[in-house]
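Peer 1: Give me a 3D structure for the following:
(one chain, ligands or ions: 2)
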Amino acid sequence: MKNRLLLSIVVPAFNEAEVLPEFQRRLFAVVDALPLDCEIIYVNDGSSDGTASLLRAMRTRDDRIAILELSRNFGKELAMTAGIDHARGDAVVVIDADLQDPPELIPELLRHWQDGYDVVYAQRSQRDGETWFKKLSAALFYRLIGRLANITIPRDTGDFRLLSRRAVEALGRLREQHRFMKGLFAWIGYPQKAVYYRRDPRFAGRSKWNYWKLWNFALEGITSFTTAPLKIATYAGMTTAAFAFLFGMYVITKTLLFGNDVAGYPSLMTVILFLGGIQLAALGVIGEYLARMFDEAKGRPLYLVTEYQPSRPAMRPRLATRTHGVRRVGA
Ligand code: UDP
Ligand code: MG
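Peer 2: Ligands and ions are numbered 1, 2, ... in the order given. Below is the predicted model of the structure:
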């Protein structure tokens, strides 16, 4: 058989039994028409519904499916990392199982990869089925991180994207515990290209995100890619100190000139509360960074694998592994 390029499709799945059959149907309809070999790596991220048995059943029917069982729920970022680590393909696509990322876009991602792009990411042109608050907070977050961090993270972009082999290798070298994937994808650089699509609402099941998780996600993004908040804390401290000094001079002068009539309780309270607040906030900011250093210092593995059942296309000996697309950009 002719040795064709291999495409790995990584699908993190956490309690997705409801959607998987439909996802699989739509994905295979796309994959069957592709001019390359494909493997689909399902990462079972510690699901507690029927996802595991469903995947096993799917794999017995089609040997292009690989199953990577994690030892517990590690969260999407790590599930994705695990899948990408195990992918053998010349290109790797990461896609959600809930059909919010249309598999039908994969051929277009591939086209740009063949034009020489290393990262081809899908950018939402419209968000359906989401509240105005989520849209607004997402917009604010992207603007903020674009300002603070010195890497440009494309807006309205999820994790749905294609990575070339060399982008995968590069990503494999970033082993930090706190994985803000959108930031990591942007950090590696290389020619990147956006492809526009309409993001559908979830096909079935519930999103595992809530606002508290989203807030922590935003914190993660900011603290992994910029130390600006530490600087802000410093400047806020310096500014308040300067004001406090001026105010002190004013109080002293006033007392010297006009004596003291034991007023001043309100101003005293204001100053104490204000300074206390600033100090706590600054400590909190330092704490966020310290906690992350603590996590990194432990040097734990990112995830643990219970079992890996590889796909057959990935086990076939391959002639040459391409590290890049077919043509160069702009060549
Ligand atoms: N996911 C995962 N581990 C988790 C949470 C989610 O692997 O702990 C997977 C989930 O199965 C889905 C994808 O990540 O394939 C996106 O999850 P979700 O739809 O909940 O996120 P949203 O689309 O709301 O951002
Ligand atoms: Mg989703």
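
Peer 1: wait, doesn't Ile153 sit right on Tyr142?
Peer 2: Yes - Ile153 lies in contact with Tyr142 (CB atoms under 8 Å); the separation is 6.7 Å. For every residue, glycine as well, the C-beta is placed using N, CA and C.

Peer 1: Show me what Phe194 bridges to in the sheet.
Peer 2: You called it Phe, but residue 194 is Ala. Tyr121 (DSSP bridges).

Peer 1: Around ligand 1, pick out the residues from the stretch 1-150 of the chain.
Peer 2: 12-14, 16, 45, 73, 75-76, 79, 96-98, 100 (CB under 6 Å from any ligand atom).

Peer 1: Now, of those residues, which are buried?
Peer 2: Neighbour-count burial (16 or more other CB atoms under 10 Å) applied to these gives 12-14, 16, 45, 73, 75-76, 79, 96-98, 100.

Peer 1: Which parts of the stretch 151-300 of the chain are helices?
Peer 2: Applying DSSP state H, counting those that start in this stretch to the stretch 151-300 of the chain gives helices spanning 165-172, 181-187, 211-225, 228-258, 265-298.

Peer 1: looking at the ones you listed, which is closest to Ala138?
Peer 2: Closest to Ala138 of the helices of the stretch 151-300 of the chain is helix 211-225 (CB to CB; 8.3 Å).

Peer 1: want to throw the helices of the stretch 151-300 of the chain into a markdown table with distance to ligand 2, mean pLDDT and mean neighbour count?
Peer 2: As requested, those are arranged in a markdown table below (distance: least, CB to the ion, whole Å; pLDDT from 0 to 100; neighbours: other CB atoms under 10 Å):
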| stretch | distance to ligand 2 | mean pLDDT | mean neighbour count |
| --- | --- | --- | --- |
| helix 165-172 | 22 | 92 | 19 |
| helix 181-187 | 14 | 87 | 20 |
| helix 211-225 | 13 | 81 | 16 |
| helix 228-258 | 29 | 81 | 12 |
| helix 265-298 | 26 | 80 | 12 |
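
Peer 1: Quick check: which of these is nearest to Leu68?
Peer 2: helix 165-172 (15.2 Å).

Peer 1: I'd like the distance from the closest one to the chain centre, please.
Peer 2: Put simply, helix 165-172 sits 16 Å off its chain's centre (CA atoms, centre = their mean, to the nearest Å).

Peer 1: Show me the buried ones among the residues of the stretch 1-150 of the chain next to ligand 1 that map onto helices.
Peer 2: Lys76, Ala79 (DSSP state H).

Peer 1: Serialize the buried ones among the residues of the stretch 1-150 of the chain next to ligand 1 to CSV and add fields for pLDDT and distance to ligand 2.
Peer 2: Shown next, in CSV, are these (pLDDT from 0 to 100; distance: CB to the ion, whole Å):
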residue, pLDDT, distance to ligand 2
Pro12, 95, 10
Ala13, 94, 11
Phe14, 92, 10
Glu16, 89, 10
Asp45, 92, 13
Asn73, 92, 16
Gly75, 89, 14
Lys76, 91, 9
Ala79, 95, 13
Asp96, 91, 5
Ala97, 90, 8
Asp98, 87, 4
Gln100, 83, 4
